[in-house]
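Q: I'd like to go over a predicted model; first the sequence, then the structure.
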Amino acid sequence: MFNMKKWLAFGFMFVLVVMISACSSDNEEDATTTEDSTETTDISNDEAATSGEKVQIEFWHAMSGANQQAIDKIVADYNASQDQYEVQALFQGSYEESLTKLRSVGGTSDAPAIMQVFEVGTKYMIDSGYIEPMQTFIDKDNYDIGQLEENILNYYTVDDQLYSMPFNSSTPVMLYNKDAFKAAGLDPESPPQTFEEVVAAAQKLTNGDMKGFAILLYGWFFEEMLATQGGLYVDNENGRSDQATKALFNGEEGLRVFEFLKEMNDAGTLGNFGSVWDDLRAAFVSGQVAMYLDSSAGIADIAKNAPFEVGAAYIPYSEEAERNGVIIGGASLWMMKGISEEQQVGAWDFMKYLQTPEVQADWHVSTGYFAINPAAYEQSIVQDRWKEFPQLQVTVNQLQDTIPSVATQGALISVFPESREHVVTAIEELYQGGDPQAILDKAAELTNRAIEIANKTSGN
């Protein structure tokens, strides 16, 4: 029966997602097989062989540039490895644009078999009714999910069910100019770890042409510095034990982040280079800032293009808390409902192929994104890449050192894109001299209103 309240809820969520930019697809995943990584498994591929033609599997994604080239190569290799399925990788624009396109076909036979969705779209996709949880195929096939990276799977796992398959996964990392460290009398092999240590280093690194530290005007980095202290973004265990009803990010952990930024801003050691990734990266490479937070996926390009030696370190945390680690970012792959069973079987076969160590090794080396299967890091092409860019190994270590918890698992709220924008506005007001607690409370209040409307509209 048509449910008008539910339909309005989904429409509301999409308006938010389309209007508000989240993470950039340019920047800012099988031990069940043996020698042959493309060997078929318990879900019979005979089900798909209903004719002499290959079953067509549409894969919608939002990767452009070099990342799109890497996807196209993986797909071509998969198609050549077997004769039952033909995967078609189709670029659909940004994450927001591709979700808008999905809205018109979701749950029907016209939907793609596989859909790439950014991490903050997770709650929406679970509630949409468009998808079949990956756990369905994992259980049916007795697939060994334990071979994959736990701290990546955690984000997409709700109530012990894996809803989507991680794909392009990244975390933030602190990059720094080792030459500038030497010139300032700092040890380039011992980067600052805590907020206070970053503040002190930024003071020494700042000169007429260079600021000591910077972050992008982007809510993701606030969320990460909140989580690494063990802080929660919303109530009900970050929206994982029950529907979130209010924001918690304006508590003591969030306030510490804002006070950390305010101290450097007031001292003139914090650089503000806006909300465009390339602008901040250009500022670092050109020597306008000595330390900044970036996505782990962008490290190799920065290290290759900078005219100085680039260091990589874990993101900073408050000395008043224990380091918890990082939340995974990026995107995952979702299996659609409404398509034929043979298309689902083929899509599942392709997803298992993606998780093999060999494929993941190529993906990690080509894009900088994490390997979802840690066995990939033992591949020779990865070891060679790490010798060339040791900064990449730092990001893997940080991920694997992360303590699994509801804080590092990440928050689940359907209005996440809107909430991120409220946090960005709060940071801008902070830089203009606003009171940290007052502007954080305002961002939390606006988030609460959005959550309340969303919950009422969806009937929760």
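A: All right, it came through fine.

Q: which residue sits closest to residue 339, ignoring its sequence neighbours?
A: In this structure, residue 339 finds its nearest non-sequential neighbour in residue 113, 5.3 Å apart by Cβ to Cβ, 6 or more residues apart in numbering. C-beta coordinates here come from the backbone N, C-alpha and C atoms, glycine included.

Q: neighbours around that neighbour, how many?
A: Counted with other Cβ atoms under 10 Å, residues neighbouring residue 113 total 29.

Q: residue 90 too?
A: 12.

Q: and residue 80, by the same measure?
A: 9.

Q: could I get the contacting residues of it?
A: By Cβ atoms under 8 Å, 6 or more residues apart in numbering, residue 80 lies in contact with nothing.

Q: next helix or strand past the strand or helix carrying it?
A: Using DSSP states H and E, residue 80 sits in helix 65-81. Once the chain leaves helix 65-81, the next helix or strand it forms, by DSSP H and E, is strand 85-91.

Q: now do stretch 116-133: distance from first to last residue.
A: In stretch 116-133, first residue to last residue: 14 Å (Cα to Cα, to the nearest Å).

Q: what mean pLDDT does it get?
A: Mean pLDDT, stretch 116-133: 94.

Q: okay, now the unreliable bits of the protein?
A: 1-52, 459-460 (pLDDT under 70).

Q: in it, where's the longest helix?
A: helix 436-458 (DSSP state H).

Q: only alpha carbons, please: show that one as CSV.
A: In CSV, the C-alpha atoms belonging to helix 436-458 read as follows (Å, rounded to 0.1, in the frame of the first residue of the first chain):
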residue,chain,number,x,y,z
PRO,A,436,32.9,28.4,21.0
GLN,A,437,30.2,27.0,23.3
ALA,A,438,27.5,29.3,22.0
ILE,A,439,28.0,28.6,18.4
LEU,A,440,28.3,24.9,18.9
ASP,A,441,25.1,25.0,20.8
LYS,A,442,23.5,26.8,17.9
ALA,A,443,24.7,24.2,15.4
ALA,A,444,23.4,21.4,17.7
GLU,A,445,20.0,23.1,18.0
LEU,A,446,19.7,23.4,14.3
THR,A,447,20.6,19.7,13.9
ASN,A,448,18.0,18.8,16.5
ARG,A,449,15.3,20.6,14.6
ALA,A,450,16.3,18.7,11.4
ILE,A,451,16.3,15.4,13.2
GLU,A,452,12.9,16.1,14.8
ILE,A,453,11.4,17.0,11.4
ALA,A,454,12.9,14.0,9.8
ASN,A,455,11.8,11.6,12.5
LYS,A,456,8.2,13.0,12.5
THR,A,457,7.9,12.9,8.7
SER,A,458,9.2,9.3,8.6
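
Q: hey, where'd the strands end up in this structure?
A: Counting by DSSP state E, the chain has strands at residues 55-61, 85-91, 114-118, 131-132, 157-158, 161-162, 165-170, 172-177, 211-214, 270-271, 289-295, 310-313, 329-336.

Q: what's the domain layout of this structure?
A: With domains defined by automatic domain parsing, the chain comprises 4-169+329-378, 172-325+409-458.
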